[in-house]
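Asker: sequence? don't have it. structure:
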């Protein structure tokens, strides 16, 4: 193994036994092949990318190790011309970036430059930050909700288009200093990644939208996904 991304499957691992090696994907170099393998040879670079249903989250293939034994169907050969352009660290992130691109392609194909996209918890996953950067490249305007543990939660109640759903919500509660500092730090990072605006909750977003006479986002994606 040459490089393994620290992705959601590692950070939010659902292991029930100790001694299980983490890692669902990564980039490696072939050391040895079985006698019936024809399409791969030693020194070939490969992306380890097993089918999603083959390994459970409780017992992943385990790419975060020095030497990994896996089946031919679990790897994709990396062409030499790609190796000349990208590092193993960059190549190992491509499955996540491709997933983010397909998500936007499937649900945002009618979006035009300047349209708003609402993203919740984009800071929690590699795919979330990938979507942010793709939106920036496509000249879309991501509006990010950044809910943090310990922060006051102001929620809209009722029809989203109705001002009465949020205008009476009491927003005077203040987050503790540590939460505020965390919010500032992550907000700054999200804006660097491509976010147009960052909001602590729904009510803050709706107040901003009303004040600036902005259109509703055309697409909304959630970074807190468990399936």
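Answerer: On my side now, so go ahead. Fair warning: this is a prediction, and the values are worked out from it, not measured in the lab.
Asker: and the longest helix that the chain contains, what other elements does it pack with?
Answerer: Ranked by number of residues, the top helix in the chain under DSSP state H is helix 177-193. Using 3 or more Cβ pairs under 8 Å, 6 or more residues apart in numbering; DSSP states H and E as the contact criterion, the secondary-structure elements in contact with helix 177-193 are helix 126-137, strand 197-199. For the C-beta atoms, the positions are set from N, CA and C on the backbone; glycine is no exception.
Asker: now render these as CSV, adding mean pLDDT and distance to residue 181.
Answerer: Converted to CSV, the helices and strands packed on helix 177-193 look like this (pLDDT from 0 to 100; distance: least, Cβ to Cβ, whole Å):
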stretch, mean pLDDT, distance to residue 181
helix 126-137, 89, 20
strand 197-199, 93, 15
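Asker: show me what counts as buried in the longest helix of the chain.
Answerer: Judged by neighbour count (16 or more other Cβ atoms under 10 Å), helix 177-193 contains these buried residues: 179, 182-183, 186-187, 190, 193.
Asker: flag every buried residue along the helix or strand of the chain with the lowest mean pLDDT.
Answerer: For the chain, counting by mean pLDDT, DSSP states H and E, helix 8-11 ranks last in confidence among helices and strands (a mean of 76). Of all the residues in helix 8-11, those buried under the rule 16+ other Cβ under 10 Å are 8-9.
Asker: what helix or strand does the residue lying farthest from the centre of the chain sit in?
Answerer: With distances taken from the mean C-alpha point of the chain and given as Cα atoms, centre = their mean, the most distant residue is residue 35, at 38.8 Å. Under DSSP states H and E, no helix or strand contains residue 35.
Asker: show me where the protein has strands.
Answerer: Ranges of strands in the chain, per DSSP state E, are 26-29, 45-48, 75-77, 116-120, 141-145, 197-199, 219-222.
Asker: sheet partners, orientation included, of the last one?
Answerer: Spelled out, that is strand 219-222. The sheet places strand 219-222 alongside strand 116-120 (parallel), with pairing taken from DSSP bridges.
Asker: now the partner strand against helix 177-193, angle please.
Answerer: Our comparison of strand 116-120 with helix 177-193, counting by axes from the mean of the first three to the mean of the last three Cα atoms, to 10 degrees, yields an angle of 140 degrees.
Asker: measure the spatially most central residue of the chain to residue 107 for me?
Answerer: The geometric centre of the chain, computed from its C-alpha atoms, lies nearest to residue 127 (Cα atoms, centre = their mean), at 1.9 Å. In this structure, residue 127 lies at 13 Å from residue 107, with Cβ to Cβ, to the nearest Å as the measure.
Asker: can you get me the start-to-end distance on stretch 135-153?
Answerer: Its start and end residues considered, stretch 135-153 measures 27 Å (Cα to Cα, to the nearest Å).
Asker: from the middle of its chain, how far away would it be?
Answerer: Taking the mean C-alpha point of stretch 135-153 and that of its whole chain, the gap between them comes to 12 Å (Cα atoms, centre = their mean, to the nearest Å).
Asker: just stretch 192-210 next, same as before
Answerer: Worked out by Cα atoms, centre = their mean, stretch 192-210 lies 19 Å from the chain centre.
Asker: so what touches it?
Answerer: The contact list for stretch 192-210 (Cβ atoms under 8 Å, 6 or more residues apart in numbering) reads 116, 118-119, 122, 129, 132-133, 135-136, 141-148, 151-156, 160, 163, 165-166, 169, 171, 175, 183, 186-187, 190-191, 214, 216.
Asker: mark which of those are buried, thanks.
Answerer: By neighbour count, with 16+ other Cβ under 10 Å, the contacts of stretch 192-210 hold 116, 118-119, 122, 129, 132, 135-136, 141-146, 148, 151, 154, 156, 165-166, 169, 183, 186-187, 190 as buried.
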